[in-house]
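# Below is the structure, and that's it, no one-letter string:
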């Protein structure tokens, strides 16, 4: 009897798709070092593309568009604030508080040239990562903000060839097989 019940429960677990994980919840876990618990999980959410289209080169030599989506700005207590303007994004990126995911998929729409674009997206986290550069923006003061935290640096295996690169780099989770729709 116990075997029958276990077999039935196992069949249900295998055939019933798990609910999508919210992208903000996932990105906060990734930033805290717990992203692996979401491996092979569908991640969905909404966010803004401030980085623009990124040309991704595939193994066969072809290229396609990929995106970095900013979910917001997360403080030390993991409270997330949405970023709507370029100035908000630059301030958060300088403070190293931006919360992002990278998207890679066969048919991602490139952002229009008229400014930040809001997307709804979905993709699978399979353990891959992407190195993301901080926005350079206006660096007049050179002083770190009170919320400044050191960047994690590039993802493992993605160190730039030129060590004198002045822009800060950090590692973001990559969602593969991603789809995205422009919301506005």
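Thanks, I have it. For clarity, every value in this text was computed on a predicted model and none was experimentally measured. Numbers count the residues shown, from 1 in each chain.
# so which strand or helix has residue 172?
Using DSSP states H and E, residue 172 sits within strand 169-182.
# Partner strands of that strand and their direction?
Counting by DSSP bridges, the strands paired with strand 169-182 are strand 98-104 (parallel), strand 117-133 (antiparallel).
# Which among the ones you listed is found nearest to residue 51?
Of all the strands paired with strand 169-182, it is strand 117-133 that lies closest to residue 51, at 7.3 Å by Cβ to Cβ. Heads up, the C-betas are built off the backbone N, CA and C, glycines and all.
# Now that closest one: buried residues?
Of all the residues in strand 117-133, those buried under the rule 16 or more other Cβ atoms under 10 Å are 117-119, 121-125, 129-133.
# so what's residue 174 bridging to?
In this entry, residue 174 is beta-bridged to residue 102, by DSSP bridges.
# burial count for it?
Neighbours of residue 174 under the rule other Cβ atoms under 10 Å: 21.
# pretty sure it is touching residue 100, no?
No: using Cβ atoms under 8 Å, residue 174 is not in contact with residue 100; the gap is 10.6 Å.
# quick check: mean pLDDT across stretch 68-85?
For stretch 68-85, mean pLDDT is 92.
# got the end-to-end distance for it?
16 Å (Cα to Cα, to the nearest Å).
# Okay, buried residues for the strand holding residue 172 please.
In strand 169-182, counting by 16+ other Cβ under 10 Å, buried: 169, 170, 171, 172, 173, 174, 175, 178, 179, 180.
# Okay, and the beta partners of residue 124?
residue 42, residue 176.
# pretty sure it contacts residue 44?
No: between residue 124 and residue 44 there is no contact under Cβ under 8 Å: 10.3 Å.
# follow-up on the earlier one: for the buried residues of strand 117-133, which one is nearest residue 77?
For these, the residue nearest residue 77 by Cβ to Cβ is residue 132; the value is 22.9 Å.
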